[in-house]
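Undergrad: attaching a predicted model along with its sequence, questions to come.
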Amino acid sequence: MKAEVKELPTEIMELQMGPSHPATHGTIKFNLKLEGEKVLDCDVEVGYLHRGFDKSCEQSTWTQVIPYTDRLNYASPLINNVGYAMTVEKLIGAETPPRCQYIRVIISELSRIYDHLTCCGMASSELGAITPGFYMIEARELVTRIVEQLTGARLTVTYVRVGGVKHDLPDGFAEGVTRTFQTIRKLLDDCDLLLSRNRIFIDRLSNVGVISQETALNYSLTGPILRATGIGYDVRKAFPYLVYDQLDFEVPVGTRGDNYDRFICRIREIEQSMKIVEQALAQLPVGPVWIEDPRFVLPEKEKVYNSIEGLMHHFKIIMEGIHVPAGETYFAVEGGNGELGFYIVSDGGGRPYRIRVRPPCFIAMGAFHQMIKGYMVADIVPTFGMINMIGGECDR
Amino acid sequence: MAETDSRLETIQQKLATKIIEILRPQGDDVVILDRAGLRESFRILKHTPELDFDFLSDITAVDYWQKQEPRFEVVYQILSRAKRARLRIRVPVPENDPSIESLTPIWRGANFMEREVWDLFGIRFIDHPDLRRVLLYEEFRGHPLRKDYPVNLTQPRVPERKIDGTFVDERSHNKLMRLKKSLGTKN
């Protein structure tokens, strides 16, 4: 019998993946060009969660913007709060007291742990690793409880204010954190045993979504995606803010720039963040958590009820909002997914003239076609998962 | 501080004719540049070894409607990782011709950021490979972050788009018809 070899007739297929797809945790659409299962090109459509963050901010007072920033990257709302408040403080020219700065470092790092656990947990459960996924979500729940104990809310925290934080740490906070970290470390050890050397998991992640150093820089990528390629750019080290220059921590970097390196970078960063929180709690100075400036900070209730100045300051801040001097400035903090920058313009009034957020995951989505070109359709799920696109921040 | 001064001096030397003003608000370095030959200016900033601004951080715009002439200002945040320095470039853009050179040939990451500025401010980027709206939909009227766009303006309803693609093309339609015919069902 003669074996007949026939070329299978193939044609390029256009497939739309999303906007609501069970394997991508985010509302996003991929317009794919496929040859068989191979991705030839991918056009990313974002914007399904666009709600006019910039325009809304221009209608509110400087303080009313803080709840909007909670809803940007809702996996790390505290970092957004800190970034925004510090940008406004930079324009005012105010420096917060040391205790406030340490508290801001602690909450930023707790948020980062939360962000990375969300990313890694979701990404692994999307790949079928349900058990470690739930272990990480349990760890995340423990972080949420600390945040809830501190701020009174689980997700929409609105804890940081221009000129300080809403209130001091509650009693027994440090002990609670220490206990929680013991449990998180145990859970992460279990996850490590289940995932980091798991053949199936490595096969799905390793050498997938590879991006070179030059391409990553060319596409303005930051955060774990850039660090996975081996470039140790971290805003906390490159442009130190708060008290990060007094704390001892490392920036984990990868070597190959693939999804596995991104995963490992995030897991190692969780460990570094816990180290930072422990150091900051040990060094935490005593003192006020507010700047002493009645133009920007609400007076104590005692003063409001008993003195005419207190009442006036209270009235002015509540009715007109704080007055930020005219000017423009840019300030960036290291968010969960990369450089989270705020560019603000003030015309001297009680309301911002323009607020722009540099969203790290929007910029990462701009490079997504480069990461996925030439790989399989199934590789979209881990690659997209390791970017950790958060709709609220990407689409604003 | 001295380092910053020498850096700004180098910029002054290299881009002498392009610079409108150099400012130092809140310790930031801000350079206001002319939009003519902007891409060349950025090439110089990127490739001069003493400056080495190799990373484009952000592109955005501000609308100074009825406040300032020219009306728009496109704002670039660039940074040098090696020198640990940030630089902000502001480029005025007039209302009657809102266009500016695209930076996509230098940094491909500028693609999405410039699409966003086009989407929300209506500033055109010359030589951009794919200048479509990114956050809003194609049929959206106007550019919402312009100050003369009212906050409570509602957009008209958009007719349903015609679907074309692999699953609804002629062949699969004909195949479906044949199948129905062979099964003897109507419609």
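TA: All right, it came through fine.

Undergrad: how about stretch A:204-212: buried residues?
TA: A:204-205, A:208-211 (16 or more other C-beta atoms under 10 Å in any protein chain shown). (C-beta placed from N, C-alpha, C; glycine too.)

Undergrad: kindly apply the preceding question to stretch B:41-57 instead.
TA: Using 16+ other C-beta under 10 Å as the test for burial, stretch B:41-57 gives B:41-42, B:44-46, B:51-57.

Undergrad: run through who's touching stretch A:71-79.
TA: Residues from elsewhere that reach stretch A:71-79 (C-beta atoms under 8 Å, 6 or more residues apart in numbering or on different chains): A:53, A:69-70, A:80, A:107-108, A:110-112, A:114-115, A:118-119, A:147, A:151, A:155-157, A:159-160, A:333-337, A:340, A:357, A:359, A:361, A:388, A:390, A:392-393, A:396.

Undergrad: could you give the number of residues near A:Glu11?
TA: Applying other C-beta atoms under 10 Å in any protein chain shown, we find 8 residues neighbouring A:Glu11.

Undergrad: likewise for the one 10 residues further on?
TA: As a burial measure, A:His21 scores 17 neighbours (other C-beta under 10 Å).

Undergrad: same check on the one 4 residues further on?
TA: Neighbours of A:His25 under the rule other C-beta under 10 Å: 20.

Undergrad: would you enumerate the residues in contact with it?
TA: Contacts of A:His25 were listed using C-beta under 8 Å, 6+ apart, and they are A:122, A:126, A:385.

Undergrad: contact residues of the stretch 1-150 of chain A facing chain B?
TA: Taking C-beta under 8 Å from any C-beta of the partner chain as the contact definition, the stretch 1-150 of chain A meets chain B at A:13-16, A:46-47, A:50, A:52, A:54-55, A:59, A:90-91, A:93.

Undergrad: of those, which is the most crowded?
TA: Comparing the residues of the stretch 1-150 of chain A next to chain B by number of neighbours (other C-beta under 10 Å), A:Val46 comes first, having 24 neighbours.

Undergrad: where does chain A have low pLDDT?
TA: Under the criterion pLDDT under 70, the flagged ranges of chain A are A:1-6, A:8-9.

Undergrad: residue nearest the centroid of it?
TA: Per C-alpha atoms, centre = their mean, the C-alpha nearest to the average position across chain A is that of A:Gly336, at 3.1 Å.

Undergrad: helix or strand for the nearest residue to it once chain neighbours are set aside, which one?
TA: Of all residues not flanking A:Gly336 in the chain, A:Asp115 sits nearest, at 2.9 Å (C-beta to C-beta, 6 or more residues apart in numbering or on different chains). Per DSSP states H and E, A:Asp115 falls inside helix A:98-126.

Undergrad: show the pLDDT at B:Phe112.
TA: At B:Phe112, the pLDDT value in this model is 90.

Undergrad: for it, grab the count of nearby residues.
TA: Other residues close to B:Phe112 by other C-beta under 10 Å number 25.

Undergrad: is the helix or strand where it lies up against chain A anywhere?
TA: In the assignment (DSSP H and E), B:Phe112 maps to helix B:110-121. Yes - applying C-beta under 8 Å from any C-beta, one finds that helix B:110-121 is in contact with chain A at B:110-113, B:116, B:120.

Undergrad: in a markdown table: the residues you listed, plus distance to A:Gly350.
TA: Compiled in a markdown table, the residues of helix B:110-121 next to chain A are given as follows (distance: C-beta to C-beta, whole Å):
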| residue | distance to A:Gly350 |
| --- | --- |
| B:Ala110 | 34 |
| B:Asn111 | 37 |
| B:Phe112 | 33 |
| B:Met113 | 30 |
| B:Glu116 | 28 |
| B:Leu120 | 24 |
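
Undergrad: for the chain, which segments count as strands?
TA: By default, I'm working from chain A. A:13-17, A:29-35, A:38-45, A:160-161, A:164-165, A:327-335, A:338-346, A:352-358 (DSSP state E).

Undergrad: should've been chain B
TA: Using DSSP E, strands in chain B cover B:19-23, B:30-33, B:55-63, B:72-80, B:85-93, B:99-101, B:124-126.

Undergrad: could the ones you listed go into TSV alongside distance to A:Arg256 and mean pLDDT?
TA: Putting those into TSV (distance: least, C-beta to C-beta, whole Å; pLDDT from 0 to 100) gives the following:
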stretch	distance to A:Arg256	mean pLDDT
strand B:19-23	42	81
strand B:30-33	37	88
strand B:55-63	21	90
strand B:72-80	25	90
strand B:85-93	29	89
strand B:99-101	35	89
strand B:124-126	34	89
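
Undergrad: just put those strands in JSON lines and tack on distance to chain A.
TA: Shown next, in JSON lines, are these (distance: least, C-beta to the nearest C-beta, whole Å):
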{"stretch": "strand B:19-23", "distance to chain A": "10"}
{"stretch": "strand B:30-33", "distance to chain A": "8"}
{"stretch": "strand B:55-63", "distance to chain A": "4"}
{"stretch": "strand B:72-80", "distance to chain A": "6"}
{"stretch": "strand B:85-93", "distance to chain A": "6"}
{"stretch": "strand B:99-101", "distance to chain A": "17"}
{"stretch": "strand B:124-126", "distance to chain A": "14"}
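
Undergrad: got the angle for the helix holding B:Phe112 vs strand B:55-63?
TA: If you take axes from the mean of the first three to the mean of the last three C-alpha atoms, to 10 degrees, helix B:110-121 sits at 10 degrees to strand B:55-63.

Undergrad: what sits up against helix B:110-121?
TA: A:54, A:220, A:362-363, A:365-366, B:56, B:58-61, B:63, B:72, B:74, B:98, B:102-104, B:123-125, B:128-136, B:143-146.

Undergrad: figure out how far that helix is from the centre of its chain.
TA: 3 Å (C-alpha atoms, centre = their mean, to the nearest Å).

Undergrad: what's the most buried one of the strands of chain B?
TA: strand B:55-63 (a mean of 25; mean count of other C-beta atoms under 10 Å in any protein chain shown).

Undergrad: now do that one and strand B:72-80, the angle between them.
TA: Going by the same axes, to 10 degrees, strand B:55-63 makes 160 degrees with strand B:72-80.
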